[in-house]
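J.: have a look at this fold, sequence not included:
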């Protein structure tokens, strides 16, 4: 379902912007998955509270954060963004030389515990990675076998299930608490092992918070 008629124009514009980001991040299928999630959440909130608003808004921001995790393909996109080099030139001059500092989990898994320092000659490889982004999450995604990548994908499904469970149970008395639950994913921070620690804390805090929300325990 892609009906967004039951959300206000401001949120609709925000969803459109984020969906466009996900289209660039991966592909149209990924962006449509996000819009379907928003549509379903808005319908559930409307059925529970009479209109879609704060719960859907919180869910939108959290789901986007989870879906747009920074992996090797996204790193390539960011390095290829013209603004990246413009910012360097503006600070250090047009003749400035720089190196890319990379430390993908795949290399760490085979024992390489330091960052790779690669010159600008490596830029064509970023173009290759950028074109391969549609492999993300598939069996052909070599980077996707790292534990942190598996966890990032699992979080998307976990959050969709959480949203589907708690939003229909919202009442005027519990909606603020449920909004808080839906916003907790936005506090996940860091990369690699730091992110894994943050995810563990998020899951722990979420489980604890759900105990105090009557609607979530019915």
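T.: In hand now; what should we look at? Just so you know, these numbers come straight off a predicted model, no measurement behind them.
J.: tell me how far residue 199 lies from residue 150.
T.: Distance from residue 199 to residue 150, counting by C-beta to C-beta, to the nearest Å: 11 Å. Every residue, glycine included, has its C-beta placed from N, CA and C.
J.: in terms of neighbours, single out the busier of those two.
T.: residue 199 (20 against 12; other C-beta atoms under 10 Å).
J.: show the contacting residues for the more buried one.
T.: Each residue near residue 199 by C-beta atoms under 8 Å, 6 or more residues apart in numbering is listed here: 151, 155, 188.
J.: so which of these sit within helices?
T.: 151, 155 (DSSP state H).
J.: will you turn the contacts of residue 199 into TSV that also has distance to residue 179, neighbour count and pLDDT?
T.: Formatted as TSV, the contacts of residue 199 follow (distance: C-beta to C-beta, whole Å; neighbours: other C-beta atoms under 10 Å; pLDDT from 0 to 100):
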residue	distance to residue 179	neighbour count	pLDDT
151	25	16	97
155	19	21	98
188	17	18	97
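J.: could the contacts of residue 199 go into CSV alongside distance to residue 161?
T.: Formatted as CSV, these follow (distance: C-beta to C-beta, whole Å):
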residue, distance to residue 161
151, 15
155, 11
188, 17
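J.: of the contacts of residue 199, which is the nearest to residue 50?
T.: Proximity of the contacts of residue 199 to residue 50 (C-beta to C-beta) peaks at residue 155, which lies at 30.2 Å.
J.: go ahead and confirm that closest one touches residue 66.
T.: Yes: applying C-beta atoms under 8 Å, one finds residue 155 in contact with residue 66, separated by 5.0 Å.
J.: who touches both of these two?
T.: Counting by C-beta under 8 Å, 6+ apart, the residues touching both residue 155 and residue 66 are 185, 188.
J.: what's the spacing between stretch 135-144 and its chain's center?
T.: 17 Å (C-alpha atoms, centre = their mean, to the nearest Å).
J.: adjust the sequence numbering to begin at 4 for everything that follows.
T.: Right, with 4 as the first residue, what we last looked at is stretch 138-147.
J.: ends of that stretch, what's the gap?
T.: One end of stretch 138-147 to the other measures 9 Å (C-alpha to C-alpha, to the nearest Å).
J.: all strands for this structure, in order.
T.: Ranges of strands in the chain, per DSSP state E, are 103-105, 119-121.
J.: wait, residue 195 sits on residue 154?
T.: No: taking contacts as C-beta under 8 Å, residue 195 lies outside contact range of residue 154: 10.6 Å.
J.: mind checking how far residue 214 is from residue 183?
T.: Distance from residue 214 to residue 183, by C-beta to C-beta: 13 Å.
J.: with residue 129 instead?
T.: 39 Å.
J.: neighbour-wise, which of those two wins?
T.: Counting neighbours by other C-beta under 10 Å for residue 129 and for residue 183 shows that residue 129 has the greater number, 20 against 13.
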